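**Student:** Got a predicted structure plus its sequence, pasted below:
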Amino acid sequence: MPLRITLKPFERLIINGASIRNGGRNADFLIETQCQFLRESEILHESEADTACKTLCVTLQVIHLSDDPSDAKALLMEQALRILAAVPSMAPHLLAIQTAVDEGQTHRAIKLGKALVAYERSLLDYVPSVSDVA
C-alpha cells in the first residue's frame with residue numbers, strides 16, 4: 001500500500017539521502033516502494049544541535065538515512081553512554097531509543113529522540129541559571 005505525502009509550498013523532503021524541495025504549491029507524492037525518508041519538520045540540522053540530546057538526534061537521523069549505519073550506531077552508543085553518565089534519569093528514554101534502533105525501527109527511534117530532547121529541555125528549564133542564583 002503506497003504512502004501519500006503532501007508537501008507544503010517550499011517544504012523539503014529527504015528520500016534515501018536525496019533532498020527534494022517542493023515548488024510554490026502543495027504537492028502530493030505517493031511512495032510506492034520501501035525507502036527511508038524524513039520530512040522537513042522532522043529534520044534537526046547539525047547546526048541546531050546545541051545540546052547532547054539534540055546531537056544524539058542528529059545521529060539517529062544519520063542512522064535512519066544511511067545504507068551502512070554501523071559507524072553511526074557506534075557513535076550513538078558513545079553519545080548515549082555520555083548522556084547516561086551525566087543524567088541517569090534519562091536511562092528509560094535511551095533504552096527505548098536503543099531498542100527501536102536494534103529492531104530496525106529507526107523512524108520510531110527519531111520520535112523517541114524528540115521525546116528525549118523534550119525531557120532534556122524540562123530538566124534545563126528546572127535548573128536555575130547563573131544570573132538567578134547570583
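**Tutor:** Structure's in. What do you need?
**Student:** Could you chop this protein up by domain?
**Tutor:** The chain breaks down by automatic domain parsing into domains covering 3-41, 45-126.
**Student:** tell me the most buried of those domains?
**Tutor:** Most buried of the domains of the chain by mean neighbour count (mean count of other CB atoms under 10 Å) is domain 45-126; its value is a mean of 16. For the C-beta atoms, the positions are set from N, CA and C on the backbone; glycine is no exception.
**Student:** Show me how far that domain is from its chain's centre.
**Tutor:** Centroid separation for domain 45-126 versus its chain: 7 Å, with CA atoms, centre = their mean, to the nearest Å.
**Student:** quick revisit: with mean pLDDT added, can I get the domains of the chain in CSV?
**Tutor:** Shown next, in CSV, are the domains of the chain (pLDDT from 0 to 100):
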stretch, mean pLDDT
domain 3-41, 91
domain 45-126, 95
